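1. Pasting the sequence and the predicted model now:
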Amino acid sequence: MARLRDRTASWAGELRAGALGLDRDPEAIRDRLEEPAVRFLAELGGDGPVTPGRDTLERVVVAEELARGDAGALLASPGPSMSGVLLAVLGSPEQRDWFYGRLGERPTWTCFALTEPERGSAIGEMSSVLTPDGDGGYVLHGTKRYVGNASRAGVAAVFARVAGTERLGVTAVLVDTADPGYRARPLPMLGLRGAQFSSVSLDGVRVPADRVLGTHLSPARRGMWSIVQVFNRLRPSVAAIALGIARAAHEYVGEQRGTLRGAERERYEELGRRIDAARLLTYRAADAVDARPSAGHLGSAAKARAAVLAEDVTRSALGFFGPGARLDHPLLDKLARDARGVEFMEGAGNIQKLTLFHGLQAGKVGRP
Ligand SMILES: Cc1cc2nc3c(=O)[nH]c(=O)nc-3n(C[C@H](O)[C@H](O)[C@H](O)COP(=O)(O)OP(=O)(O)OC[C@H]3O[C@@H](n4cnc5c(N)ncnc54)[C@H](O)[C@@H]3O)c2cc1C
């Protein structure tokens, strides 16, 4: 783990050097495909260095170090990303071969399309629908929004309700974005612009039977049971992205302000302690999910805590430079905008608190 941390940490400088350029033009990532960090992400989960049983913890370590360099580039890079985690839980060996085969041909972006314009990310209210085609496959209709990399993705993992099933009959399918009916358009965003968040329309996209995820699993393990596990595994990494952003802002203050004294010194050190504490919580959350994939409550706690922390640290960091800081220190301005974006990734703070509360109430999380 220490080797993985050192390796990914060594790319922070290069990532940071390209951060503002990518913020201005998300397409700039296409000129950076040979950078070690981008190549590493393109392979992660395929032939990448993921240790079975420690995957979540490893992803956390990688996400923090790379987000410390630039969270925009971390999210903008081609590779399996969130869909790789989905495939690990719900994919059959043949589906994983198809997916990683596509990714192996050339640098290929993937996306994970859940959120909808009118329904948000409430999975039980999803309106995208899969209509059986009578051959084991489906025809997919719907719209999605805020989907990272959707407009440049070669493969999309899409969540939709199966026509004729009850409210929670949600299924994930793989879509080849070159197929007729898939269209995606980048949206103007305030933060994390590199990831080119997009709206997606799905107008009668054909989904062959072999692209429907989870059908090889027992009925009890298809659908929500597995989908919850996917989110449990992803959430600690989002917390780690927030940590990386917070660290970048904290380090920026340390580097640019030089020696701090008195109350400023105390404020700076306090922020550092809060970052370290949130990291411990995030590691514990990742460990818990690696040990038991249904143990997602600490991940919600870590995500909620780290997202608030990233906003606090980036705002405080601006405060160290006085009025005009956003104009005089564009990197800090970008970090503050990126931190705001993390609040909504994988569910907003209040939703995470509700999940944690349910865990506490059910005795699934130890009280201090
Ligand atoms: C940077 C970024 C990246 C994203 N990437 C993707 C992606 O790749 N794929 C994808 O599908 N989606 C993506 N999204 C969408 C994101 O997952 C959702 O926007 C997020 O989960 C919030 O869901 P929602 O829009 O339904 O808002 P809601 O959950 O409705 O939340 C809206 C507000 O209401 C509050 N709230 C909601 N319910 C309660 C309650 N019961 N009590 C108190 N307060 C409440 C929340 O805290 C929040 O402030 C992304 C969004 C962002 C900003």
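-> That came through, no problem.

2. By residue count, which helix of this structure is the longest?
-> Assignment by DSSP state H gives helix 224-257 as the longest helix of the chain.

3. what comes up buried for that helix?
-> Residues of helix 224-257 classed as buried: 225-250, 252-253 (neighbour count, 16 or more other Cβ atoms under 10 Å). Backbone N, C-alpha and C define where each C-beta goes, glycine included.

4. now do stretch 329-338
-> Across stretch 329-338, burial judged by 16+ other Cβ under 10 Å covers His329, Leu331, Leu332, Asp333, Lys334, Leu335, Ala336, Arg337, Asp338.

5. before we move on, what about stretch 318-330?
-> With burial defined by 16+ other Cβ under 10 Å, the residues of stretch 318-330 counted as buried are Leu318, Phe320, Phe321, Ala325, His329.

6. from what I can see the last one touches Phe321, true?
-> To tie it back to what came earlier, the one meant is His329. Yes - the criterion here is Cβ atoms under 8 Å, and His329 meets it with Phe321 at 5.6 Å.

7. got any residues that touch both of these two?
-> Shared contacts of His329 and Phe321 (Cβ atoms under 8 Å, 6 or more residues apart in numbering): Gln256.

8. Is the longest helix of the chain positioned near the ligand?
-> No - in terms of Cβ under 6 Å from any ligand atom, no part of helix 224-257 sits within range of the ligand; the closest distance is 9.1 Å.

9. so what's Ala42 up against?
-> With Cβ under 8 Å, 6+ apart, Ala42 has these contacts: Leu33, Ser77, Pro78, Gly79, Leu103, Pro107, Thr108.

10. quick revisit: the next helix or strand after the longest helix of the chain packs against which elements?
-> As assigned by DSSP states H and E, the chain's next helix or strand after helix 224-257 is helix 262-291. With contacts taken as 3 or more Cβ pairs under 8 Å, 6 or more residues apart in numbering; DSSP states H and E, helix 262-291 sits against helix 55-76, helix 224-257, helix 297-319.

11. and the stretch 101-250 of the chain, which of its residues are near the ligand?
-> 112-115, 120-122, 144, 146-148, 192, 197.

12. hey, what's the closest residue to the ligand within the stretch 51-200 of the chain bridged with?
-> Scanning the stretch 51-200 of the chain for the residue nearest the ligand gives Gly120, at 2.0 Å (criterion: Cβ to the nearest ligand atom). Beta-bridge pairing for Gly120 (DSSP bridges): Glu116.

13. I'd like the distance between the residue most central in space within the chain and Thr282.
-> Nearest to the geometric centre of the chain sits Val238, at 5.4 Å (Cα atoms, centre = their mean). According to Cβ to Cβ, to the nearest Å, Val238 stands 10 Å off from Thr282.

14. before we move on, the earlier item: what about the residue of the stretch 51-200 of the chain closest to the ligand, how many neighbours?
-> 17 (other Cβ atoms under 10 Å).

15. so where's the protein shaky on pLDDT?
-> Applying pLDDT under 70 to the chain picks out residues 45-53, 166-168, 366-368.

16. if you set the cut-off to 80 instead, what comes out?
-> Counting by pLDDT under 80, the chain has low-confidence residues at 44-54, 165-168, 218-224, 365-368.

17. Can you give the domain ranges for it?
-> Split into domains by automatic domain parsing, the chain comes to 2-86, 108-218, 224-361.

18. Of the residues of the stretch 101-250 of the chain next to the ligand, just the buried ones, ChimeraX syntax please.
-> Only the buried members of those enter the following ChimeraX selection, criterion being 16+ other Cβ under 10 Å:
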select :112,113,114,115,120,121,144,146,147,148,192,197
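
19. Could I get the residues of the stretch 101-250 of the chain next to the ligand in a markdown table, plus columns for secondary structure?
-> Below are these laid out as a markdown table (DSSP: H, G, I helix; E, B strand; the rest coil):
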| residue | secondary structure |
| --- | --- |
| Phe112 | strand |
| Ala113 | strand |
| Leu114 | coil |
| Thr115 | coil |
| Gly120 | strand |
| Ser121 | coil |
| Ala122 | coil |
| Lys144 | strand |
| Tyr146 | strand |
| Val147 | strand |
| Gly148 | coil |
| Leu192 | coil |
| Phe197 | coil |
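
20. which one of the residues of the stretch 101-250 of the chain next to the ligand is nearest Ala9?
-> Nearest to Ala9 out of these is Leu192 (Cβ to Cβ; 20.7 Å).

21. just checking, the closest one touches Asp338?
-> Yes - at 5.1 Å, Leu192 counts as touching Asp338 under the criterion of Cβ under 8 Å.

22. anything in contact with each of the two?
-> Ala71, Gly72.

23. Does at least one residue of stretch 344-353 sit close to the ligand?
-> Yes - using Cβ under 6 Å from any ligand atom, stretch 344-353 comes into contact with the ligand via Phe344, Met345, Glu346, Gly347, Ala348, Gly349, Asn350, Ile351.

24. Endpoint to endpoint, that stretch covers what distance?
-> Using Cα to Cα, to the nearest Å, the end-to-end distance of stretch 344-353 comes to 13 Å.

25. what's that stretch in contact with?
-> Residues from elsewhere that reach stretch 344-353 (Cβ under 8 Å, 6+ apart): 121, 146, 231, 234-235, 238, 241, 300-301, 303-304, 307-308, 343, 355.
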